[in-house]
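Undergrad: here's a sequence, model it:
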Amino acid sequence: MTSFFKPFFDDQQQNRQDRTRPPELAPKAKFSQGEDQSRHHQGAGPTGEYGGDRPAENDGSALAMFDGRERLPGTPKGRAEPYWDTPLPQPVTLSYPAGRRLETLADAGTFLSSGDSSLVHSLALQVTGRALADAAATGDPADVAQAGELLGHYLSAVRLM
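TA: Below is the predicted model of the structure:
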């Protein structure tokens, strides 16, 4: 019988303590409602603006911003990429959209940043996009081959090839 009344007694005792020493109020919010909070949560990235490397928010691109742009080919900050017309080692025929062919670095870059609903922001997509941009910057056959290989792996992984 005492086990039934013990919790009730403990609650009464806690209520008395709360009346004599009220709990502290919740701390005041650190951020105001009208303030842009992104600068509190994201560091300044290589673009020099707040949230530099966070994913693109509402522009339809699955790529996160790098080198000052989130679309490929795009206009990078601080470097030239004259080799976007370089052909891929193996042209890629996509299963979705059906029959679309990617034949150059520019075709692949445009597709990856097209906002196609089947592409989801991921590290694999970022690595593939960066490899395409690096290959377009150098034009080196080894870089182009690596970009083509990464593109093939990524498109296979998301079942678009």
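Undergrad: mind listing what L119 touches?
TA: When contacts are counted by CB atoms under 8 Å, 6 or more residues apart in numbering, L119 is found next to A62, L112, L125, V158. (C-beta placed from N, C-alpha, C; glycine too.)
Undergrad: mind doing that once more with 10 Å?
TA: S61, A62, L63, F111, L112, S113, L125, Y154, L155, V158, L160 (CB atoms under 10 Å, 6 or more residues apart in numbering).
Undergrad: quick check: closest non-adjacent residue to S113.
TA: Computed as CB to CB, 6 or more residues apart in numbering, the closest residue to S113 that is not its neighbour in sequence is R71, at 4.3 Å.
Undergrad: what's the burial count for the one you found?
TA: Neighbourhood size, R71 [other CB atoms under 10 Å]: 19.
Undergrad: in a strand, it, correct?
TA: No: secondary structure assignment (DSSP: H, G, I helix; E, B strand; the rest coil) places R71 in coil, not in a strand.
Undergrad: doesn't A106 make contact with it?
TA: No: shown here, R71 and A106 do not form a contact pair, counting by CB atoms under 10 Å, at 11.5 Å.
Undergrad: how much space between the nearest residue to M161 once chain neighbours are set aside and D67?
TA: Closest residue in space to M161, ignoring its immediate chain neighbours: L155 at 4.0 Å, by CB to CB, 6+ apart. Relative to D67, L155 is positioned 23 Å away (criterion: CB to CB, to the nearest Å).
Undergrad: what bits of this structure have low per-residue confidence?
TA: In the predicted model of the chain, residues 1-11, 22-61, 78, 115, 117-118 satisfy pLDDT under 70.
Undergrad: still on that earlier bit, counting by contacts, list what the strand or helix carrying the residue nearest to M161 packs against.
TA: Assigned by DSSP states H and E, L155 belongs to helix 141-157. For helix 141-157, the packing partners by 3 or more CB pairs under 10 Å, 6 or more residues apart in numbering; DSSP states H and E come out as strand 87-93, strand 101-104, helix 105-112, helix 123-138.
Undergrad: just checking: what are the partner strands of the first one?
TA: On the basis of DSSP bridges, the sheet neighbours of strand 87-93 come out as strand 101-104 (antiparallel).
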